[in-house]
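Asker: What follows is a predicted protein model with its sequence.
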Amino acid sequence: MSNTSIFSRIVAGELPAYKVAEDEHHLAFLDITPLVEGHTLVIPKREVDYIFDLPPAELAALHLFAQRVARGVKAAVPCKRVGVAVIGLEVPHAHIHLIPMNNVSDMNFANPKIKVDERRMNELAAAIGAQVPALVSGTPALPPDPRDTKGGRETVEETEPQAKAGQPTPDDPTLATLRDLTTGLVYMSEGDAPLQPVSFPAPKSGLTDAALAKLAGLPADTKVEKQELTYFLRNHTADNGVLGNPELANRFKALQMYMKQELNSTQVYRFGHGPQVPVLVLGEAEGGKLLGFKTVLTET
């Protein structure tokens with residue numbers, strides 16, 4: 001796609017902007033017709049019209065960048081919260097609005113836009129930019145991948161009657177992405193266990209407890225408990241994560257977003273009782289597959 005949007009012209013340096021933050025793939029700058037002072041726009045540098053046409057990995061990366069910018073806005077502009085909005089009709093280039101707010105009405109796009117003079121805009125951009133947290137060294141890049149959408153992903157047929165112990169098949173791009181997202185991640189409970197990507201053909205009998213136990217390699221009468229993914233990962237996706245490491249917390253957030261965006265009906269399944277509780281996190285993919293990851297929860 002050629003760089004035709006006004007935002008792409010800003011990225012190219014053809015138009016000026018009150019820049020707040022920037023990395024290789026993203027840019028944040030002040031809205032020149034703001035609802036309130038500090039109203040900031042966050043965009044991917046790659047021009048994509050509709051934000052939900054972004055591949056899941058790029059969408060996750062955009063929101064993680066916006067999170068850092070929002071912290072800068074909150075620190076620099078007096079407000080109770082930084083509101084988030086995606087409208088998508090004004091400019092044909094995906095963007096997120098970050099709006100300092102003290103009341104819900106501050107987020108009303110029907111409100112008259114305010115006029116902020118150039119001197120004040122420069123002050124705000126500098127103040128916000130100074131407060132945007134630096135990118136933690138080692139945070140994984142999330143590059144564009146044309147395969148990383150439901151429509152663009154190939155359907156790969158299983159060559160065996162059953163996926164062998166949930167091992168990845170090399171031709172499965174979704175599973176390859178899950179492998180990248182889970183590499184080095186460890187679920188922390190009273191012990192710790194790595195996250196391992198898995199793939200299974202969907203059981204013909206449906207996701208009964210017995211079928212799920214079989215996928216986990218356990219007796220058919222093993223008790224199965226369901227949990228919501230956000231709840232299961234809540235300690236790991238907190239601002240600093242369970243280990244006080246924002247880098248790892250951001251990686252868990254990216255994984256969680258991918259599972260929710262890319263797979264249908266994602267669910268956490270816990271098997272049996274402690275001290276070692278096997279866990280499968282599975283969602284439905286195209287082609288009659290279940291994809292996700294497995295780990296172990298330690299409870300004593």
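Answerer: Great, that's in hand. Just so it is clear, the structure is predicted and the values come from calculations on it, not from any experiment.

Asker: can you give me phi and psi for the residue most central in space within the chain?
Answerer: Centroid-nearest residue in the chain: Ala60, 3.1 Å away (criterion: CA atoms, centre = their mean). Backbone geometry at Ala60, expressed as degrees, to the nearest 10, gives phi -60, psi -40.

Asker: can you pull the contacts of it?
Answerer: Neighbouring residues of Ala60 by CB atoms under 8 Å, 6 or more residues apart in numbering: Leu142, Lys253, Ala254, Met257, Tyr258, Gln261. To be clear about C-beta, it is placed using only N, CA and C from the backbone, and glycine gets the same treatment.

Asker: Who wins on neighbours among these?
Answerer: Sorting those by how many neighbours each has (other CB atoms under 10 Å) puts Tyr258 first, at 25 neighbours.

Asker: Which helix or which strand is home to that residue?
Answerer: Remark: Tyr258 resides in helix 246-262, with elements defined by DSSP states H and E.

Asker: can you map out the strands along the stretch 101-250 of the chain?
Answerer: Residue ranges of the strands in the stretch 101-250 of the chain, as given by DSSP state E, counting those that start in this stretch, are 186-188, 192-194, 196-201, 224-227.

Asker: Tell me which of these sits most buried.
Answerer: Most buried of those by mean neighbour count (mean count of other CB atoms under 10 Å) is strand 196-201; its value is a mean of 21.

Asker: What is the nearest of the contacts of Ala60 to Ile128?
Answerer: Of all the contacts of Ala60, Ile128 sits closest to Lys253, with 22.2 Å by CB to CB.

Asker: That closest one touches Leu64, doesn't it?
Answerer: Yes - assessed by CB atoms under 8 Å, Lys253 is found in contact with Leu64 at 6.8 Å.

Asker: okay, the strands of the stretch 101-250 of the chain in JSON lines with distance to Thr4 and mean pLDDT next?
Answerer: Shown next, in JSON lines, are the strands of the stretch 101-250 of the chain (distance: least, CB to CB, whole Å; pLDDT from 0 to 100):
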{"stretch": "strand 186-188", "distance to Thr4": "45", "mean pLDDT": "88"}
{"stretch": "strand 192-194", "distance to Thr4": "45", "mean pLDDT": "85"}
{"stretch": "strand 196-201", "distance to Thr4": "38", "mean pLDDT": "91"}
{"stretch": "strand 224-227", "distance to Thr4": "46", "mean pLDDT": "94"}
